[in-house]
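*Asks:* Below is the sequence, then the predicted model.
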Amino acid sequence: MNCELYGKTDIKSMTGHELEEFIVKTGNPKFRAGQLYGWLHKKCAAGFSEMTNIPAALRSKLGEETTLPAFKVLAHLKSGKGDTEKFLFGLGDGNAIESVLMRYKHGNSVCISSQVGCRMGCKFCASTLGGLVRNLNASEMLEQVYSIQRICGERVSNVVVMGSGEPMDNFDNFVRFYELITDKDGQNLSGRNVTVSTCGLVPEIKKLADLKLSLTLAVSLHAASDEERRKIMPVAKKYGIAEILDACRYYFDMTGRRVSFEYSLISGENDSPEDAEKLAALLKGMGAHVNLIPVNPVKERDYKRSNVTNILNFQEILEKNRINATIRREMGADIDAACGQLRRSYELSRGGKEKEEQ
Ligand code: SAH
């Protein structure tokens with residue numbers, strides 16, 4: 001867990017209690033911490049100058065000694081239908097991250113990044129092509145939601161941690177993010193409205209289960225056998241499917257929350273009727289939900305999206321086996337480069353800060 005950003009104190013990553021300690025140490029009364037916390041997390045203030053009920057001297061001290069993750073909007077794309085907006089945010093250290101706003105009938109959902117880049121190496125994913133640059137602090141995960149609320153003037157009720165990065169590889173900062181976004185003195189999101197997706201880091205799934213949070217856990221399976229999974233997800237060399245499913249059962253036992261599974265359909269790789277039957281057999285009796293994602297082609301790879309007949313067939317086989325399966329609705333397909341592609345093209349256009357793949 002990190003409460004420092006660019007060498008200064010990262011007050012937006014602090015819990016209410018920690019902020020109180022920090023404020024008292026500066027020689028200010030405790031109640032100032034409550035005011036500050038409200039500005040940071042309830043009103044989502046962009047800077048100290050907005051915090052009008054905080055004395056100017058304290059505001060200027062905070063400005064000198066602490067950092068707020070102020071993002072630059074490097075790109076803001078809107079889908080033709082207006083249901084999806086994609087943001088490329090510039091961070092204070094020159095890195096860039098992507099976030100997506102999706103408008104549903106039931107409310108607004110934001111998909112956030114948890115790391116700059118990723119080291120998991122999934123073959124079909126653009127976020128991992130340049131490796132991991134760094135973890136995001138809790139404040140930088142929050143700020144993606146806060147910035148979007150500010151820019152669009154709309155409330156966000158759901159957060160999915162399904163952007164670039166592996167949140168379970170940034171465990172402590174992710175848990176802190178969850179605690180802050182669900183805090184009643186902040187945005188007060190319902191825990192159930194926070195979904196975190198992992199490629200299947202078994203020890204972290206168990207650690208998360210032990211915390212008994214009410215969030216929704218999604219596991220990226222993408223294959224029905226270890227052999228196939230190892231071909232597309234290097235992490236499968238470390239953890240087998242049986243071990244992952246055991247961890248998911250443990251998660252359910254500890255939290256009472258069913259885990260859902262993501263399965264990206266890649267033509268000729270993992271989309272045959274046999275794959276669907278194998279997947280059904282694996283998930284039998286788990287009450288699992290499967291989210292089928294037609295793979296988004298990444299230009300550095302030649303994976304192709306399954307055709308519609310195969311996708312529908314795959315879903316039908318799962319449903320026949322009483323496994324609930326939905327096909328991810330494609331929102332904003334006109335602006336939706338595959339995960340991490342917006343950032344990647346930005347980095348490459350800047351002269352390849354990120355290394356080109358060998
Ligand atoms: N690291 C986490 C979250 C990352 S992305 C995880 O692995 O779950 C969220 C989902 O999008 C994951 O299921 C991921 O495998 C999937 N994904 C990544 N690139 C994709 C692509 N090009 N097409 C379809 N799904 C993709």
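*Replies:* Arrived safely.
*Asks:* what's next to the longest strand along the chain, contact-wise?
*Replies:* Longest strand in the chain, counting residues (DSSP state E): strand 96-104. Contact with strand 96-104 is made by 74, 82-91, 108-113, 116, 136, 140, 144-145, 147-148, 152, 156, 158, 163-164, 331-332, 336, 339-340, 342-343, 346-347, as judged by Cβ atoms under 8 Å, 6 or more residues apart in numbering. Where you see a C-beta, it was placed from the backbone N, CA and C, and this is true even at glycine.
*Asks:* For the closest residue to Val133 other than its chain neighbours, list each beta-bridge partner.
*Replies:* Excluding the flanking residues, the one nearest Val133 by Cβ to Cβ, 6 or more residues apart in numbering is Val116, at 3.9 Å. Beta bridges link Val116 to Arg134 when assigned by DSSP bridges.
*Asks:* what does Ala218 give?
*Replies:* Beta-bridge partners, per DSSP bridges, of Ala218: Ser197, Ser260.
*Asks:* Surely it and Thr198 touch.
*Replies:* Yes - counting by Cβ atoms under 8 Å, Ala218 touches Thr198, with 7.5 Å between them.
*Asks:* Now Gln149: which helix or strand?
*Replies:* helix 138-152 (DSSP states H and E).
*Asks:* Briefly note if that helix comes near the ligand.
*Replies:* No - Helix 138-152 lies apart from the ligand when judged by Cβ under 6 Å from any ligand atom; the minimum separation is 12.9 Å.
*Asks:* coming back round to it: tilt between the longest strand of the chain and helix 138-152?
*Replies:* Orientation check (axes from the mean of the first three to the mean of the last three Cα atoms, to 10 degrees): strand 96-104 against helix 138-152 gives 50 degrees.
*Asks:* coming back round to it: what's the local residue count around the residue nearest to Val133?
*Replies:* Neighbours of Val116 under the rule other Cβ atoms under 10 Å: 23.
*Asks:* again with Ser60
*Replies:* Ser60: 12 surrounding residues under other Cβ under 10 Å.
*Asks:* The one 10 residues further on too?
*Replies:* One way to gauge burial is a neighbour count; for Ala70, by other Cβ under 10 Å, it gives 13.
*Asks:* Same check on Ile232?
*Replies:* 21.
*Asks:* how about it, what does it touch?
*Replies:* So Ile232 contacts 122-124, 222-223, 266, 269-270 (Cβ under 8 Å, 6+ apart).
*Asks:* check these against the ligand, which are close?
*Replies:* 122, 124.
*Asks:* From the contacts of Ile232, list the buried ones, please.
*Replies:* Taking 16 or more other Cβ atoms under 10 Å as the criterion, what is buried in these is 122-124, 222-223, 266, 269-270.
*Asks:* Flag every residue of this protein that's near the ligand.
*Replies:* Checking the chain against the ligand by Cβ under 6 Å from any ligand atom, the hits are 120, 122, 124-125, 162, 166, 197-199, 220, 262, 264, 293, 295-296, 298, 338-339.
*Asks:* For the longest strand of the chain, what is the distance to the chain centroid?
*Replies:* What separates the centre of strand 96-104 from the centre of its chain is 10 Å, taken as Cα atoms, centre = their mean, to the nearest Å.
*Asks:* and that strand, which residues are buried?
*Replies:* 96-103.
*Asks:* Same list, those residues, but as CSV with pLDDT please.
*Replies:* Below are those laid out as CSV (pLDDT from 0 to 100):
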residue, pLDDT
Ala96, 96
Ile97, 97
Glu98, 95
Ser99, 96
Val100, 94
Leu101, 95
Met102, 93
Arg103, 94
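*Asks:* Lys42 - how many residues pack around it?
*Replies:* 14.
*Asks:* I figured it hits Asp183, correct?
*Replies:* No - the criterion here is Cβ under 8 Å, and Lys42 misses it with Asp183 at 9.2 Å.
*Asks:* Least confident secondary structure element in the chain?
*Replies:* Least confident helix or strand of the chain, by mean pLDDT, DSSP states H and E, is helix 341-349 with a mean of 81.
*Asks:* Please enumerate the strands of this structure.
*Replies:* Under DSSP E, the chain gives strands at 4-5, 8-9, 72-78, 84-90, 96-104, 107-111, 115-117, 132-135, 158-161, 194-198, 216-220, 260-265, 289-294, 324-327.
*Asks:* Can you check the distance spanned by stretch 32-52, start to finish?
*Replies:* 12 Å (Cα to Cα, to the nearest Å).
*Asks:* Where does pLDDT dip in the chain?
*Replies:* Within the chain, the stretches with pLDDT under 70 are 1, 330-339, 351-358.
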